[in-house]
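Asker: Build me a model from this:
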Amino acid sequence: MDIAFIGLGNMGNPMARNLLRAGHALKVFDLAAAAVDALTELGARPAKSPAETARDAELVITMLPSSPHVRAVYTNPDGVLASVGRGVLLIDCSTIDPHTAHDLTDQAAARGNEMLDAPVSGGTGGAQAGTLTFMVGGAVHAFAQAKPILAAMGKNIVHCGGPGTGQAAKICNNMLLAISMIGTAEAMSLGANLGIDPKLLAGIINTSSGRCWSSDTYNPYPGIIESAPASRGYTGGFGADLMLKDLGLAVDAARTAGQTVALGALAQQLYQMMSSRGDGGKDFSGIINLIANRKIS
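Answerer: Numbering: from 1, shown residues only. The predicted structure follows:
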């Protein structure tokens, strides 16, 4: 297909690369010229605005940092809805609030376009390997149309229900991820301070009841997992500021639903502390340095 892809950051870049590998034609846009150039070298066509990117596309995919970015890319005068053809499917893979997802779906429908909210889980490693999980909200027939395209970038493609449910699933998942990462960081830091070899402790945890993704795949202690951001100075992963944003979405959604999320709110405060001391651009597993009262170098 001829696909418009907007947003070429840590996640969007490898996702777009996998679409190219699958044989799709891509027109791409990002505010960072270097990101566009990198995809252009692989065969994508560059565009100068979201509107230009979406014009004549058979499908539009966006992967952006937050709700305001998504709303602007779709609804600004030079945005996607200003130029996209009637009947073209729109897929937003960003993590945003369910209300914005609902509103944009309605605006797209008014112009004759189906829209899916399809946030992802799996991190940059999953994006590179094409093994992401897509949590998709929207009409069943639109999901069926999108699934073969999403399968070029992910392994688990799940229809969650109507508009906004993909975002609901994502913020619940990321709230749990933040909580489990903080718990893993506390356990690893405490063990090291009590004289246990961190690799030995990680091995015990990962064969015991404390095992979780934060311990066995993305361990926050340096040197435990070679491919994890902790082993490369907490760079190149999922930024703490992005996790803070997702926790804010979860806490706000919980407030609207009248649900208590005590650990989610505490996780939000801890990531706010990490961000406030200047480490917001580092991977979210760097929370272990806040817990251990040391600065990320």
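Asker: Which residue ranges make up the domains of the chain?
Answerer: 2-162, 168-291 (automatic domain parsing).
Asker: Reformat these into TSV and put mean pLDDT next to each item.
Answerer: Compiled in TSV, the domains of the chain are given as follows (pLDDT from 0 to 100):
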stretch	mean pLDDT
domain 2-162	96
domain 168-291	96
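Asker: Columns mean neighbour count on top of those domains, output as a markdown table?
Answerer: C-beta: built from backbone N, CA, C; applies to glycine. Converted to a markdown table, these look like this (neighbours: other C-beta atoms under 10 Å):
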| stretch | mean neighbour count |
| --- | --- |
| domain 2-162 | 20 |
| domain 168-291 | 19 |
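Asker: Select the longest helix from the chain.
Answerer: In the chain, with assignment by DSSP state H, the single longest helix is helix 165-193.
Asker: any idea of the angle the next helix or strand after that one forms with helix 165-193?
Answerer: Per DSSP states H and E, helix 165-193 leads on to helix 198-205 as the next helix or strand towards the C-terminus. Between helix 198-205 and helix 165-193, the angle comes out at 130 degrees (axes from the mean of the first three to the mean of the last three C-alpha atoms, to 10 degrees).
Asker: other SSEs contacting helix 198-205?
Answerer: Helix 198-205 sits against helix 165-193, helix 213-216, with contacts defined as 3 or more C-beta pairs under 8 Å, 6 or more residues apart in numbering; DSSP states H and E.
Asker: Of the ones you listed, give the one that comes closest to residue 156.
Answerer: helix 165-193 (11.6 Å; C-beta to C-beta).
Asker: Going by residue numbers, what spans are strands in the stretch 1-150 of the chain?
Answerer: With DSSP state E, counting those that start in this stretch as the criterion, the stretch 1-150 of the chain has strands at 2-6, 25-29, 45-46, 59-62, 89-92, 115-117, 120-121, 132-137.
Asker: How about the residue sitting nearest the centre point of the chain: what's its closest non-neighbour residue?
Answerer: Taking C-alpha atoms, centre = their mean as the criterion, residue 120 is the residue nearest the geometric centre of the chain, at 5.4 Å. Of all residues not flanking residue 120 in the chain, residue 132 sits nearest, at 4.5 Å (C-beta to C-beta, 6 or more residues apart in numbering).
Asker: could the strands of the stretch 1-150 of the chain be laid out in JSON lines, adding distance to residue 262?
Answerer: Output for the strands of the stretch 1-150 of the chain, formatted as JSON lines (distance: least, C-beta to C-beta, whole Å):
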{"stretch": "strand 2-6", "distance to residue 262": "37"}
{"stretch": "strand 25-29", "distance to residue 262": "41"}
{"stretch": "strand 45-46", "distance to residue 262": "47"}
{"stretch": "strand 59-62", "distance to residue 262": "33"}
{"stretch": "strand 89-92", "distance to residue 262": "30"}
{"stretch": "strand 115-117", "distance to residue 262": "27"}
{"stretch": "strand 120-121", "distance to residue 262": "23"}
{"stretch": "strand 132-137", "distance to residue 262": "24"}
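Asker: hmm, back to that, pairing partners for the residue nearest to the centre of the chain in the sheet, please.
Answerer: Counting by DSSP bridges, residue 120 forms beta bridges with residue 134.
Asker: quick one: contacts for it?
Answerer: 11, 15, 93, 126, 127, 132, 133, 134, 135, 153, 154, 170 (C-beta atoms under 8 Å, 6 or more residues apart in numbering).
Asker: repeat that for 7 Å
Answerer: 11, 93, 132, 133, 134, 154 (C-beta atoms under 7 Å, 6 or more residues apart in numbering).
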